[in-house]
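>>> No sequence on hand, only this structure:
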């Protein structure tokens, strides 16, 4: 009896050891991300304008911390199951998979598309008040004030952001599914068409004509992260437009095409870095580093844009 209990305890300890080793890279990545983003996130969260917005319009954060991850996992599993069943030519699974692709993409992009117009309208109203009453920003400082405008605009979109986060894991699965289907078609074409045509048709494949699965996984993961890296930048862009176009009706109209152009440029840069065929084999590590750098630059670019907006609001001397 005691031997069985000892064996069970030993098995449990071995299982825990295996789980610890398996989840080690995940914990390292999480710790690194927290070390990079933690101080900035705390600075944003403690912004006085955002604190005021949170008090006036609250959010059940404790409940959402539990619900959002589980809903995200369930939707990702649903997208994966629909993908597998669609491979068996089940029509209902194809329809469900296509619906999840559209929903996940739309829910992730909706807050990004709305951030700049909402921030521009808010900043246009507040900037006009700040210029007529400089004491409004005297206590907090212009940098804190413009960041508060951007964060308050994002807080107004809080439910869109929550829904987008829920669909983000499904978006990663959907992007991987679309890329695998596309690259499989390229691969089949490369096999069917030999000679010089193969090289031109298989330009995005591996040198031997194989499917670059590491590249596709990188695209799926970073594609799901890209909207959230760009969300602060879009809000900062809206604030920059609002302080330069102090008309609450006109500023959002200007922000819509400006955010579209900026977003398209970022997406094109990400698309090229994740697909360019020159980095294969060991070069994939360089690709991953470049894509990570792109996400970091897009995320931190909001600081530079908001600094320019803060200088715009500084009172003129003399």
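The structure has been received and is ready for your questions. Treat the numbers as computed from the prediction; the structure is a model and nothing was measured.

>>> which SS state does residue 241 fall under?
helix (DSSP: H, G, I helix; E, B strand; the rest coil).

>>> Touching, it and residue 255? I think so.
Yes. With contacts counted by Cβ atoms under 8 Å, residue 241 reaches residue 255, the gap being 4.8 Å. Any C-beta I mention is one placed from the backbone N, CA and C, and that applies to glycine too.

>>> Show me the common contact partners of the two, please.
116, 120 (Cβ atoms under 8 Å, 6 or more residues apart in numbering).

>>> what residue ranges in this structure score low on pLDDT?
1-37, 87-91, 93, 130-139, 186-209, 315-318 (pLDDT under 70).

>>> and the longest helix for it?
helix 91-132 (DSSP state H).

>>> could you pull out the helices for the stretch 201-318 of the chain?
With helices called from DSSP state H, counting those that start in this stretch, the stretch 201-318 of the chain shows them at 213-244, 250-275, 283-313.

>>> Output these as TSV; include the columns distance to residue 97.
Below are the helices of the stretch 201-318 of the chain laid out as TSV (distance: least, Cβ to Cβ, whole Å):
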stretch	distance to residue 97
helix 213-244	15
helix 250-275	22
helix 283-313	26
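
>>> Next, residue 157: phi, psi?
Residue 157 adopts backbone torsions of phi -100, psi 20, taken as degrees, to the nearest 10.

>>> Apart from its chain neighbours, what residue comes closest to it?
Leaving aside its chain neighbours, residue 157 sits nearest to residue 111 (4.9 Å; criterion: Cβ to Cβ, 6 or more residues apart in numbering).

>>> wait, doesn't the one you found sit right on residue 230?
No. With contact defined as Cβ under 8 Å, residue 111 does not reach residue 230; the gap is 10.3 Å.

>>> Kindly compare burial across the helices of the stretch 201-318 of the chain and name the winner.
Most buried of these, by mean neighbour count (mean count of other Cβ atoms under 10 Å): helix 213-244, with a mean of 24.

>>> Does anything pack onto it? Which helices or strands?
In terms of contacts (3 or more Cβ pairs under 8 Å, 6 or more residues apart in numbering; DSSP states H and E), helix 213-244 is packed against helix 91-132, helix 142-156, helix 158-192, helix 250-275, helix 283-313.

>>> Of these, give the one that comes closest to residue 69.
Smallest distance to residue 69 across those (Cβ to Cβ): 8.9 Å, for helix 158-192.

>>> Mind listing what's buried along the closest one?
Within helix 158-192, the residues that count as buried by 16 or more other Cβ atoms under 10 Å are 158, 160-180, 183, 186-187, 190.

>>> Report the angle between it and helix 213-244.
If you take axes from the mean of the first three to the mean of the last three Cα atoms, to 10 degrees, helix 158-192 sits at 140 degrees to helix 213-244.

>>> For helix 158-192, what is the distance to the chain centroid?
Remark: helix 158-192 is offset 14 Å from the chain centroid, using Cα atoms, centre = their mean, to the nearest Å.
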